[in-house]
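Asks: need a 3D model of the sequence below.
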Amino acid sequence: MSVDTTKRGHVLGKAMDGVVLKPERELNPTYCAAVRLMLHMAMYLGPVEQIQAIIKPQIATTEVSDFIMNHIKANVSDLKRALGRSVDDVILLMHVVIDKIEKEGEAFPAEVHLLSSKEDRKAWENSFATIVLRGILSQAENWLMRFNHEIVNDQRLGADPLLCLIYETENRQDAQDLEQLLEVPRMWRFRVPITIEHMSQELDSKMRELKRPPRILHRFLNEDYILQALRYLPSIMQLQRALLRRFQRKLDKAEAKRITVKDFKTELSECHGVEKWIDAFSMAWDATRTFLQHGCLTKSGRYTLPEELCNEQINDDTSLAIFLPTTDGPGLCSYAMLDYLFRKQNEMLEYYGQKSDRLNIPSVKPMNVNAAHLICYDHEHDIMPILLANCQYSFEIGVGTTVEYDFAGMERQLIDRLLYSKSNIELRPFLEVKQLKYMRYLM
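Replies: Below you'll find the predicted structure:
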């Protein structure tokens, strides 16, 4: 029987704005942000001493309110990006969510209410997403139109014309002076932006309705948070080659732990691009480290990464040993990260092959991998052009903004540009790459 090793309490640390939205367990990024917002709003209303006791690492009692409020603001910002809505719209949708919680509370499975195990927590999340979130967030436009009109027409507020402007329900089509457009309220209305997050949420909400759902595109977007890190692999492998040339058979484990990033930047100063390579390692590590706690398969069996290593962030004081690929000790971080990213590429290509009936995907040995073999892409230069080429954006006074995506066209271009020519990485059954040999192994 497996043991639930999940940390208890609030372990997200301090809130950060602008972080990349990512899925958690079976929740897509939008649902994950919504669940966290509900959690943080509940915490904000709770007893300060009890809330302080569950926050890890610990903070002072006087910091609790600001700590949680910063998380609430970050969650609202995340939902704003994911849904392509204004902050006011997000707050209104959360009111709808709370209303539905009150009405549908009895629909949740009673046996999982205590959230006493990882399986119960997962079951509750899935139930909450299905019963509450899906019907609201997938129909956000309809809910917003309905309640904005109810607010404007509420006679208790006097049906004030100003409210029509505030809630964007005023639909007069009077001719406007083109020289005075800045004075026209309709010019300042919120417009739904065309973003990858908005497109992903739209696809997720319509998957059940489409006759031929673009499953490859859907899988790609769900894995996007990790697949983005594949572009860093060529630089990471260059860094590892440079380190192996410099330190192979020339230092022991104690020395490898003592040398820091700052030190070996000086050691490798003759290697142009070393700082870029280290930055690439850091970016890939931040994207993958929370997924590496289960370790990876090696020639000697399965090894797991200590939790303290998975919590490490790369900076100038980080030990050299983390960068040196080995199958034990701190070097397992480097080895496990390569293994995880290679396997993610293989899983994506395997899924693509199954859904497109393509059975002859080429393969390449890990040591021969270069950018041409990898699913390397950048949101701005690779994904956004595909998105913009396959959407229709229109605005009509009294109707608002309409964004329609051609998901089938996106999927075709995604396959052509990012998947068709890529290769499986040979992992039989474990990753074979050059590893560092410490001095003690030579005695």
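
Asks: quick one: pLDDT of the residue nearest to L268 when sequence neighbours are not counted?
Replies: Distances taken as C-beta to C-beta, 6 or more residues apart in numbering put V274 closest to L268, at 4.6 Å, once the chain neighbours are dropped. Placement of C-beta: from N, CA and C, glycine included. Note for V274: predicted pLDDT of 84.

Asks: separation between V274 and L324?
Replies: Counting by C-beta to C-beta, to the nearest Å, the gap from V274 to L324 is 15 Å.

Asks: and those two? which has more neighbours close in?
Replies: Higher neighbour count among V274 and L324: L324, with 26 against 20, using other C-beta atoms under 10 Å.

Asks: my read is the more buried one is in a helix, agree?
Replies: No: under DSSP: H, G, I helix; E, B strand; the rest coil, L324 falls outside any helix and is assigned coil.

Asks: what number of residues lie near the closest residue to it other than its chain neighbours?
Replies: Nearest residue to L324, sequence neighbours excluded (C-beta to C-beta, 6+ apart): L436, at 4.2 Å. Counted with other C-beta under 10 Å, residues neighbouring L436 total 24.

Asks: nearest spatial neighbour of C376, skipping sequence neighbours?
Replies: Nearest non-adjacent residue to C376, counting by C-beta to C-beta, 6+ apart: R231, 4.1 Å away.

Asks: residues in contact with Y352?
Replies: 216, 358, 415, 419 (C-beta atoms under 8 Å, 6 or more residues apart in numbering).

Asks: residues contacting the last one?
Replies: For L419, the set of contacting residues under the criterion of C-beta under 8 Å, 6+ apart consists of 216, 348-349, 352, 375.

Asks: could you redo the last one with a cut-off of 7 Å?
Replies: Counting by C-beta atoms under 7 Å, 6 or more residues apart in numbering, L419 touches 349, 352, 375.

Asks: break down the stretch 251-400 of the chain into its helices, ranges please.
Replies: Ranges of helices in the stretch 251-400 of the chain, per DSSP state H, counting those that start in this stretch, are 253-258, 261-267, 274-288, 307-310, 332-356, 384-389.

Asks: how close does the closest residue to T327 other than its chain neighbours sit to D339?
Replies: Nearest residue to T327 in three dimensions, chain neighbours excluded: T298, at 4.0 Å (C-beta to C-beta, 6+ apart). As judged by C-beta to C-beta, T298 and D339 stand 9 Å apart.

Asks: ok, those two, which is more surrounded?
Replies: It is D339, of T298 and D339, that has more neighbours when counted by other C-beta under 10 Å, with 24 against 19.

Asks: would you agree the more buried one is in contact with G295?
Replies: No: counting by C-beta atoms under 7 Å, D339 stays clear of G295, with 9.2 Å between them.

Asks: which residues are in contact with both of these two?
Replies: Common contacts of D339 and G295 (C-beta under 7 Å, 6+ apart): none found.

Asks: quick one on the thing from earlier: save the helices of the stretch 251-400 of the chain as a markdown table, and put in distance to L227 too.
Replies: A markdown table is the format used below for the helices of the stretch 251-400 of the chain (distance: least, C-beta to C-beta, whole Å):
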| stretch | distance to L227 |
| --- | --- |
| helix 253-258 | 31 |
| helix 261-267 | 26 |
| helix 274-288 | 10 |
| helix 307-310 | 20 |
| helix 332-356 | 6 |
| helix 384-389 | 14 |
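
Asks: state the distance from the residue nearest to L268 to A242.
Replies: In this structure, V274 and A242 are 7 Å apart, going by C-beta to C-beta.

Asks: residue ranges with poor pLDDT in this structure?
Replies: By pLDDT under 70, the low-scoring segments of the chain are 1-7, 18, 105-114, 151-190, 269, 271, 395-400, 440-443.

Asks: can you list the domains in it?
Replies: As assigned by automatic domain parsing, the chain contains the domains 29-146, 226-344+431-442.
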